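Student: 3D, please:
(2 chains)
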There are 2 protein chains.
Amino acid sequence: MLRTLIAAGSLATLTVAAHGQQEFEIPAETRATAQALAETARESDLAYEITESLSTEIGPRLAGTDAEARARDWGVEMLTELGFENVRVEEFPLDLWTRGDGVFETAEIVSPYPQPLYATSLGGGAATPQGGLEAEIAFFDSFDAFLESDDSEDALDGRIVFINDRMVATRTGEGYGWANRKRRDAWHLAEDRGAAGVLIRSVGTDSHRFPHTGMMSFPDGRRPQIPALAVSAPDADQIERIVASGETPVVHIHTRAGWRGEVTSGNVIGEIPGRENPEEIVVIGGHLDSWDLGTGALDDGAGVGITMAAAKLIGDLPEHPRRTIRVVLFGAEEVGLVGARAYARARAEDGTLENHVIGSESDFGAREVWKFSSNVGPDAVPAMDAIGRELAHLGVIRGDNESGGGPDMIPLQYMGVPMARLEQNGEDYFHFHHTPDDTFDKIDPDEMAQNVAAWAAFTYLAAELEVDYRAGREADVASQ
Amino acid sequence: MLRTLIAAGSLATLTVAAHGQQEFEIPAETRATAQALAETARESDLAYEITESLSTEIGPRLAGTDAEARARDWGVEMLTELGFENVRVEEFPLDLWTRGDGVFETAEIVSPYPQPLYATSLGGGAATPQGGLEAEIAFFDSFDAFLESDDSEDALDGRIVFINDRMVATRTGEGYGWANRKRRDAWHLAEDRGAAGVLIRSVGTDSHRFPHTGMMSFPDGRRPQIPALAVSAPDADQIERIVASGETPVVHIHTRAGWRGEVTSGNVIGEIPGRENPEEIVVIGGHLDSWDLGTGALDDGAGVGITMAAAKLIGDLPEHPRRTIRVVLFGAEEVGLVGARAYARARAEDGTLENHVIGSESDFGAREVWKFSSNVGPDAVPAMDAIGRELAHLGVIRGDNESGGGPDMIPLQYMGVPMARLEQNGEDYFHFHHTPDDTFDKIDPDEMAQNVAAWAAFTYLAAELEVDYRAGREADVASQ
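Tutor: Next up is the predicted model:
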């Protein structure tokens, strides 16, 4: 039930007809508070300092490692220091995969032109045999060419499948899913056809000598028996040139990557308790784990810093908003949204899932927010439109009502929690993504402050407005 | 004696007085040939293809290694294939330094915040003890601060000196010399004061996770007993942040770098014989060796490609220019201009030094040529000005007469050979310089073709004009 949908009587009938909705008005005082929050945020370095602290003092924090555990301690300490309440860790079990401690991965072209390659194992890949693996390349210019290739001739037996798909850089990052098919699924298709290994052109948009790592998919829980590595774009160019010259490259790869058994990971939680309906939760956050190659400043130190800072600024208001703002620093995102699934499962079990009125994650770097999208019940869209209007002064346009809420929100969204998304400019995000080059120097403090301004305004309004964000959905429980 | 200095009678007296020189006129037919050469060059992919071949088929080619020997074979084959005459290799001995075959260099912060560092040994540095070296950082924000630091307290004993000078990016690259002082000379000053090692912020202008290697200096032939490594800019930031927080970083470094004894290197030479005065030589070229981390596409595959292509296009003219054009692909440039010194010494010995009428090297990447400078006798400046005017249509301005001719021209210039320089835009050269990221994808074929156009026009004119480029020097031998 939508409690505060106020008809704006002055609207022309035509406008109402065109929208199929009436316009939602945010009370002037609430608007003023959101505006003031945004102004404060733009002058604040807090998100930048939080991200600096995480990337400097913890740095790489692969899911399930001691470094991720140190990051949880850091998260508890930081949330506490910033005045969050109900600060806690919710642990969950995790199957650990690592590259192999203190052990290097190598790759090189053996013939026709011996040269080192800059390569790294994809998450979940197997080790090479002792001494490494030397094999011919079976070259496919695209993942589709690989899918369409002839299955009948055992052409891949003992060879290393190389897939050369390129990724296009876009503001929205939508090139990622397409390019990522090879990273996720080449291994099992290649393994089934007798290949000895997989190499891919990195899923990335830069032309630097960094391989991009990232998790593979494991259909039905199946684990790779073959190694799978990514090479940097310039190294993929080299392989491509050799193939174009009519030669067949022979490469040697070596990795001790592998699965190490069950360990513990966890989500870190802190809250700004609500003034009137503390049991109702606006859930925001980022993920605490990172890949092991960089320092996880962009992915997702920035999201941790932005959402923590936004919530802290709201907590500093003379009066908290109506509902509780819960910041969740998810563990083990990179390795398959393990923390996000554990969080959603725990909420289903403790019966508080329905209390999650709306959710959103920041996990796309630190460039400016340019679009505000949502995924709420049809009757709540006018309220989202109204929130969108409050973000316009930050250079944010209103997107559609079909969005997700970020990777760690996927399980909650599946379970019916409404979502919003503050979309960032991602045109260079995949230059750095999952590489050694994901470091703090890549963050512009002004762009980051604009993020905090947008998040503070959105989060405050979402927590303050008396709107049921599920309203109008067919399966709406109408719990309010 | 300047044989073809033609007084331009129509010039106003004032102009002559202001210049202190009369204007030099290039014969119309010669100008037309130079112009046609430039037009042909701009449409040619030859330099791009040569550089592609060298970086693809040889790749990294550290001075004195088998890869550098393969590069010499490549050079002989390429020069021969392109129709050069008198193709030959002039060998010379070289003390080999390597990072250690198949062995990795590592560096990491041990405390207060354990994190890996991306680091690489500087050329000439020593190995760490077995198992590596762990020591406190003695932090200096600049090389000058290090020079000025108190010498009396044994403060460096057993510590690792860290020098944090930053380098500014400039079109001319002039920030390099200043920033490079720490790379060249920190080691012996630190060693004398009891330091256990040296780390520097890489001499470079990027903010990527690549360390920049490069040779150190060895005053009086002294060799380092301590390891010396560069870390990437983001890693230097990390050390700086820890120091700024009041902590003293402890780092662990490991390298098996060292000197390996005497080996053979060599210069590769090919010629376009002169039509009338084949004994007179215009010497151009680049260097064949590269650092081991990248593929030496910019440093100096580009210079090899540009000068070889320019000379080849001149060789394709119906009539060769008056003088011989000699292309020299110098060996062992990166490790101390060893090939350049050997070449100059050999010319002094065989009595052909005076036959070198002018020289120039391309060794600053593949961005566009924007300035034409020279260092010739005062009476030859008008001829250089005239050549400069022939390059203006390529977007090239005329520089001064105080220039060098490129690193490998230094020994010849010391011995009195006149010089010219086609200065390239170097504003991003030190983003890639001496890193793994020096790869072929960084080259823009159009900018490279503009280089070849400028080089073809300059080289043709220098070889064709009846000018003594030493003319007017006090110690001028007036050999013409």
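Student: Could you use CA atoms for every contact and neighbour count after this?
Tutor: Will do.
Student: Of all residues in the stretch 301-450 of chain A, which one is closest to chain B?
Tutor: With CA to the nearest CA, the shortest gap between the stretch 301-450 of chain A and chain B falls at residue A:437, namely 5.1 Å.
Student: any idea of the pLDDT on that residue?
Tutor: Looking at residue A:437, its pLDDT reads 98.
Student: list the contacts for it?
Tutor: Under the criterion of CA atoms under 8 Å, 6 or more residues apart in numbering or on different chains, the contact list for residue A:437 reads A:210, A:293, A:294, B:208, B:209.
Student: Now rank those by neighbours and give me the top one.
Tutor: Most neighbours among the contacts of residue A:437, by other CA atoms under 10 Å in any protein chain shown: residue A:210, with 30 neighbours.
Student: mind checking the longest helix of chain A?
Tutor: The longest helix of chain A (DSSP state H) is helix A:445-464.
Student: my read: residue A:337 touches residue A:408, true?
Tutor: Yes. Proximity of residue A:337 to residue A:408 meets the contact threshold set by CA atoms under 8 Å, at 6.1 Å.
Student: Looking at the two, which has the bigger crowd around it?
Tutor: Legend: neighbour count by other CA under 10 Å for residue A:337 and residue A:408, higher for residue A:408 (33 against 19).
Student: wait, doesn't that one sit right on residue A:335?
Tutor: No. Residue A:408 sits out of contact with residue A:335 when judged by CA under 8 Å, with a separation of 11.6 Å.
Student: Can you name the residues of the stretch 101-250 of chain A sitting close to chain B?
Tutor: Within reach of chain B by CA under 8 Å from any CA of the partner chain, the stretch 101-250 of chain A has these residues: A:112, A:113, A:114, A:115, A:207, A:208, A:209, A:234, A:237, A:238, A:241, A:242.
Student: give me the number of residues near the third one?
Tutor: When neighbours are defined as other CA under 10 Å, residue A:114 has 18 of them.
Student: ok, and the closest residue to it other than its chain neighbours, which helix or strand is that part of?
Tutor: Leaving aside its chain neighbours, residue A:114 sits nearest to residue A:108 (7.0 Å; criterion: CA to CA, 6 or more residues apart in numbering or on different chains). Taking DSSP states H and E as the definition, one finds residue A:108 inside strand A:106-111.
Student: and what of residue A:259?
Tutor: strand A:258-272.
Student: Then residue A:421?
Tutor: Going by DSSP H and E, residue A:421 is part of strand A:419-424.
Student: Let me know the next secondary structure element after that strand.
Tutor: Where DSSP H and E defines the elements, the next helix or strand beyond strand A:419-424 is helix A:429-432.
Student: Please say whether there is contact between that following helix and chain B.
Tutor: No. Helix A:429-432 does not reach chain B (CA under 8 Å from any CA); its nearest approach is 9.4 Å.
Student: What lies in contact with that helix?
Tutor: Outside helix A:429-432, the residues that touch it by CA under 8 Å, 6+ apart are A:169, A:173, A:203, A:204, A:205, A:206, A:207, A:364, A:365, A:438.
Student: how does it look with 6 Å?
Tutor: By CA atoms under 6 Å, 6 or more residues apart in numbering or on different chains, the residues outside helix A:429-432 that reach it are A:204, A:205, A:206, A:438.
Student: cool, and stretch A:59-70?
Tutor: Outside of stretch A:59-70, the residues within contact range by CA under 6 Å, 6+ apart are A:96, A:263, A:264, A:265, A:289, A:290, A:291, A:292, A:294, A:295, A:296, A:332.
Student: And stretch A:447-459, by the same measure?
Tutor: A:34, A:38, A:41, A:42, A:306, A:310, A:366, A:367, A:368, A:369.
Student: count of residues packed around the fourth one?
Tutor: Applying other CA under 10 Å, we find 19 other residues in the vicinity of residue A:42.
Student: Tell me, what's the model's pLDDT at it?
Tutor: pLDDT, residue A:42: 98.
Student: Show me the shaky parts of the stretch 51-200 of chain A.
Tutor: Along the stretch 51-200 of chain A, segments meeting pLDDT under 70 span A:101-103, A:152-153.
Student: Helices of that one, start to end?
Tutor: A:66-81, A:143-148, A:175-179, A:181-192 (DSSP state H, counting those that start in this stretch).
Student: winner for burial among those?
Tutor: Burial of the helices of the stretch 51-200 of chain A is given as mean neighbour count (mean count of other CA atoms under 10 Å in any protein chain shown); helix A:181-192 ranks first at a mean of 20.
Student: tell me what it is packed against?
Tutor: The contact analysis (3 or more CA pairs under 6 Å, 6 or more residues apart in numbering or on different chains; DSSP states H and E) places helix A:181-192 against no helix or strand.
Student: Distance from the chain centre to it, please.
Tutor: Distance, stretch centre to chain centre, for helix A:181-192: 22 Å (CA atoms, centre = their mean, to the nearest Å).
Student: Would you mind writing the CA trace of that helix as PDB?
Tutor: C-alpha atoms of helix A:181-192 as PDB (Å, rounded to 0.1, in the frame of the first residue of the first chain):
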ATOM      1  CA  ARG A 181      31.500 -15.700 -22.300                       C
ATOM      2  CA  LYS A 182      35.000 -17.000 -23.200                       C
ATOM      3  CA  ARG A 183      36.300 -16.500 -19.700                       C
ATOM      4  CA  ARG A 184      33.300 -18.200 -18.100                       C
ATOM      5  CA  ASP A 185      32.600 -21.200 -20.400                       C
ATOM      6  CA  ALA A 186      35.500 -21.900 -22.800                       C
ATOM      7  CA  TRP A 187      37.200 -24.300 -20.300                       C
ATOM      8  CA  HIS A 188      34.500 -27.000 -20.100                       C
ATOM      9  CA  LEU A 189      33.800 -26.900 -23.800                       C
ATOM     10  CA  ALA A 190      37.500 -27.200 -24.500                       C
ATOM     11  CA  GLU A 191      38.000 -29.900 -21.800                       C
ATOM     12  CA  ASP A 192      35.200 -32.000 -23.200                       C
END
